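Novice: pasting the structure only:
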């Protein structure tokens, strides 16, 4: 870590600062220039509070030379991690597709969708039992019953299941869930992350609406610091100045960046990223071509209401068609490598 | 609520849609145009899932005519609400200043700061006991002990106390806390908001880093729907494309907008909004001139480490100086009205 | 266009409004509701000033039912447009790759790169002669001489050339240029766009750093309203809250959205979008899989300075490798269709 | 300037880099650490291309220790600059208010408004003659005739006039204009800025919708490098993720930051920042309390069309009322200092 000090820093202030840093067990290397003095911190700076240091009167700015995230850092773990969820796997050359309804609504619905997505090539089933909704008046999910229905669909199809948790107190209900999802709004719910770090379940961590890539890796650190190394990252679109046509902005560059920074697998959710079924197929294809280790796609099934054809969710037919395209792109890439 | 349908919507699709809406207890008014058909929904549309409706294939776009938030809505409650916290009050002409350290560190520290800020005119004491930190390696607060120390400072000075909650399971520890703060990262932790709705404590709800004003009012709805009407809003800076000089961007326009949309009081936190002590005073002055019902300012006190002079926190002297300026601006405004 | 009026709008205000709208040649359809009155404007609303209407005291909000852009609108021109530049073409099934150096530096440099990119499969040559730089102290390009060097490279290789204009007064220098680029910072330089509308040259219009898709299509309208229908759009990354690892955020969703809204071809520039050569290949592959009609990639060639290996620009070898991958993805997609 | 090199940088690469930097006349200071090597550049680094350096393969990141902007830098010019426009002045304790219509429409209109705003305390008259509009179909201004009408209003009232330029070719028309405005969309129209640097007219430079504070100061550098030191900065709102209630987000923190970084005066435009007349008064008050050296406010006058009451523009009565409040806040501040 490097701190650039202000021009007018006195010798006394400098001494105060270096004493304080030394007391934290850090070596300090000072370079005095004509305009500014630069100090370099040597040792384990992951524990240094960067914001506090930057906020000191005498400090102009601070720059981390080493990353503050350790467990997820590719520098210390150069090989890709393979994260297994039931008989599916993500990363290290493994690719898997999670598909299913936005919300679990009934046994009939979830089993029908599970069968349909399995037939089209999905290897995991998703479905919302606990739903985070902006409005308290919107449907909040079937909760415990929703998880039971997912487990029935798992029994019927063999697909491992992925579902979202919103409250650590609900963990006992997730005992048979194969992979626990942390939603975008909870990416920095540190209390929840700590609890999930105590489990050994695979965690699918979604990027927050306006969280940086670095913050996402620090949230992973909360989970991994507890001993749970089974983390899958998920890019699901970020919030930008333009939401007129897509609900969020899919940041596919984040996939490439994450592959450089961390050994963990990265999944893309084109359904939430775009919020419109018509854009799911091209963005799923783009994600695979851009290096994603998996996809998460919403699929619904409701013959009674032709109405919903066109929601963020695909019909089983649209999903099958998307899978054909995704597989073609993936095969083309495997051929090059 | 108005939905604009696509040009090529068939009569059958239109019938499906209106049937579905009618089944939700809504009246439907249809205007067919040359290019598009517009349908108006009549009745209680707060329960209509706007996103679902917008995502239908046949729907071009949806517009809410009435706001989805009810309890906080000024339309149904034109008078300003006055929220009392101990002997302090916010809103309806009442103004109060919350001041104190970022983190509670020791009895000596918190009592010294409490006395200093009271002397300068603060009417509430803040201090972090549970601290949400981006890194699991950073200091996470004194927790239960921190709350005890705040209570000692309250006993010593009479100042009501404000401190942040991160986990609903900790609620028993907050029994004697006067006002519970929900931090920016938890603004959409709906599980926590629901639990706080079951209490009758004043809640200070901070705006999320990238949350809209409307989302903030929907989070209020989670609290008020539980029966707790004691909510104070807090603008604390949002995340934008420029964070080179201030950590966040203070959105003072939000204060004016919130005053129009809701009857609840709005407080401004210039310390977190700017992240730099040198900008706290001008932004505190601007906030008061712009109509804020209160301020929340970080003040530290650590004669041993002159080091921290210049953190986001003000020294007691800087705070007293800021209070003089704030009071002058406030008096000028009261004189005009 | 629909305007939602406020609850308390008086009959007189409503009459003033409808008179004013009728005077603009528009039909007005009024629906009075319990809470709000909605008026629908019938006729050519492209000329209605939406912002002015929305800003009226009595108006709660305004919604365009028809798009304000006409010439570029797919609704009025359902077939893809094919834009030819020399012997290359974009759109309607045609795909082309523009490659070349960031800045033209010397005859030797530009000819060597032109030959290299042609050999690897590029079909157009790019190179900056006039360079928009944030700092007046940075290299501003070789200007007229730069264009001459590009023309020499064209003569040598047969590749049509693309280069940026910053000032309409320079148009005479662009007489032999095959395609004129408008950079991101000039996307809303309406004076320049109008002048380009008077030419019949193909224009490559780059999206502004923080411009919406709709604003981009309105800028196209400035060019097409002048009679020049040869416009190619270019997504080159937008400005968001996170620029720690990529200079901008590539918005690939914009490609899918633009294909729906307009008949014009869309090109992607992964070099500027990411600002890092290591991310150019995966993003080029993603762009093609996501439906781009072409790519624009920076390639440099400077054996003397191994130094620049790793700039945003690719080496000729890296470019050839990227082209192999891009072609594999493109062939896979053509096979599916 | 400091560059942090990657762990695996070879001695040969390091030599190449230092040779290249030395060739640019810079001293190079190397500190080798266990994990990374840091090099410090000594000398005039304003001419070093930061982006190019950062993009080199061996470079992890680059940090400027000295600012790239010189002429506007307070470090080299600690005293506030006073910029005079006719008999009005901004900065160094001087405060002025620019008011007038969005667009100049007629002699009667502009003279009536000029008289009204003068009576209420405005010291400069603004009015758009050349109007940058998102749509080519919207009113583009009266152009040359608009400037003539402004000059008539100046003759009538004595108020110096401020109006926007969009094209350097129009400069002859601005000969008698007192202050030339550069609009947000042209903040990085470097060709225009260079031409304005050749004049000695006061320039009011508005911040671009998504431009950083540093970019704004670099644009100032384009003007000042030409010898024109009469620059007034204008904060007018930035583009963020939330535009539901205010068109832009007023960034008042930028005023405080600019006062620290530069000696030039800073004006705030609450009309464009909010886009709604109801928010102009509180934001004007906040701007003054936050340290603005002036205000720019839209005022309209159209007794015939009561219709426009409520646009972004204030009526003369609302403007007079706002001025009373602004003066009260300003007097309160002057009393404290």
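Specialist: Perfect, thanks for sending it. The shown structure was predicted, so the numbers you read here are calculated from the model rather than taken from an experiment.

Novice: and the strands in the stretch 1-150 of chain A?
Specialist: A:2-5, A:27-32, A:37-42, A:59-63, A:83-85, A:88-90, A:96-100, A:124-126 (DSSP state E, counting those that start in this stretch).

Novice: out of those strands, which gets nearest to residue C:272?
Specialist: Checking the strands of the stretch 1-150 of chain A against residue C:272 by CB to CB gives strand A:59-63 as the closest, at 24.6 Å. Backbone N, C-alpha and C define where each C-beta goes, glycine included.

Novice: against which helices or strands is the closest one packed?
Specialist: strand A:2-5, helix A:50-55, strand D:59-63 (3 or more CB pairs under 8 Å, 6 or more residues apart in numbering or on different chains; DSSP states H and E).

Novice: pLDDT below threshold where in the stretch 1-150 of chain A?
Specialist: A:33-36, A:65 (pLDDT under 70).

Novice: in TSV: the strands of the stretch 1-150 of chain A, plus mean neighbour count.
Specialist: Listed next are the strands of the stretch 1-150 of chain A as TSV, based on neighbours: other CB atoms under 10 Å in any protein chain shown:
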stretch	mean neighbour count
strand A:2-5	22
strand A:27-32	14
strand A:37-42	20
strand A:59-63	19
strand A:83-85	21
strand A:88-90	23
strand A:96-100	28
strand A:124-126	29
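
Novice: for those strands, give me a markdown table that also has distance to residue D:24.
Specialist: Converted to a markdown table, the strands of the stretch 1-150 of chain A look like this (distance: least, CB to CB, whole Å):
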| stretch | distance to residue D:24 |
| --- | --- |
| strand A:2-5 | 21 |
| strand A:27-32 | 21 |
| strand A:37-42 | 20 |
| strand A:59-63 | 22 |
| strand A:83-85 | 48 |
| strand A:88-90 | 47 |
| strand A:96-100 | 51 |
| strand A:124-126 | 55 |
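
Novice: and residue A:220, helix, strand or coil?
Specialist: Three-state secondary structure (criterion: DSSP: H, G, I helix; E, B strand; the rest coil) places residue A:220 in helix.

Novice: and it, what does it touch?
Specialist: A:69, A:71, A:72, A:205, A:231, A:233, A:262, A:264 (CB atoms under 8 Å, 6 or more residues apart in numbering or on different chains).

Novice: also residue A:124?
Specialist: Applying CB under 8 Å, 6+ apart, the residues near residue A:124 are A:85-86, A:88, A:96-99, A:159-162, A:178-179.

Novice: go with 10 Å
Specialist: When the contact criterion is CB atoms under 10 Å, 6 or more residues apart in numbering or on different chains, the partners of residue A:124 are A:85-88, A:90, A:96-100, A:117-118, A:154, A:159-162, A:178-179, A:204, A:294, A:296.

Novice: who does it form a beta bridge with?
Specialist: residue A:98 (DSSP bridges).

Novice: go on, residue A:62?
Specialist: Residues in beta-bridge contact with residue A:62 (DSSP bridges): residue A:3.

Novice: surely it and residue A:41 touch.
Specialist: Yes. Residue A:62 lies in contact with residue A:41 (CB atoms under 10 Å); the separation is 9.4 Å.

Novice: who touches both of those two?
Specialist: With CB under 10 Å, 6+ apart as the test, residue A:62 and residue A:41 both reach A:1, A:2, A:3, A:48, A:53.

Novice: got those residues as CSV, with distance to residue C:77 columns?
Specialist: Shown next, in CSV, are the shared contacts of residue A:62 and residue A:41 (distance: CB to CB, whole Å):
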residue, distance to residue C:77
A:1, 57
A:2, 56
A:3, 58
A:48, 59
A:53, 58
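
Novice: against residue D:7, how distant is the closest residue to residue A:75 other than its chain neighbours?
Specialist: If the residues on either side of it in the chain are set aside, residue A:75 comes closest to residue A:67, at 7.4 Å by CB to CB, 6 or more residues apart in numbering or on different chains. As judged by CB to CB, to the nearest Å, residue A:67 and residue D:7 stand 12 Å apart.

Novice: what residues are shared contacts of those two?
Specialist: With CB under 10 Å, 6+ apart, residue A:67 and residue D:7 have common neighbours residue A:75.

Novice: for chain A, what lies in contact range of chain D?
Specialist: A:2, A:4-5, A:7, A:27, A:29, A:31, A:33-38, A:40-43, A:60-66, A:75, A:209-210, A:238-243 (CB under 10 Å from any CB of the partner chain).

Novice: next, the buried residues of the top helix by length along chain A.
Specialist: Assignment by DSSP state H gives helix A:316-336 as the longest helix of chain A. By 16 or more other CB atoms under 10 Å in any protein chain shown, the buried positions in helix A:316-336 come out as A:316, A:318-320, A:322-323, A:325-330, A:332-333.

Novice: the contacts of residue A:220, buried ones only, as a ChimeraX selection?
Specialist: The following ChimeraX line selects those of the contacts of residue A:220 that are buried, judged by 16+ other CB under 10 Å:
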select /A:69,71,72,205,231,233,262,264
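
Novice: which of the contacts of residue A:220 sits closest to chain B?
Specialist: residue A:69 (8.2 Å; CB to the nearest CB).

Novice: roughly how far apart are the residue nearest to the closest one when sequence neighbours are not counted and residue A:94?
Specialist: Nearest non-adjacent residue to residue A:69, counting by CB to CB, 6+ apart: residue A:217, 4.2 Å away. Counting by CB to CB, the separation of residue A:217 from residue A:94 is 21 Å.
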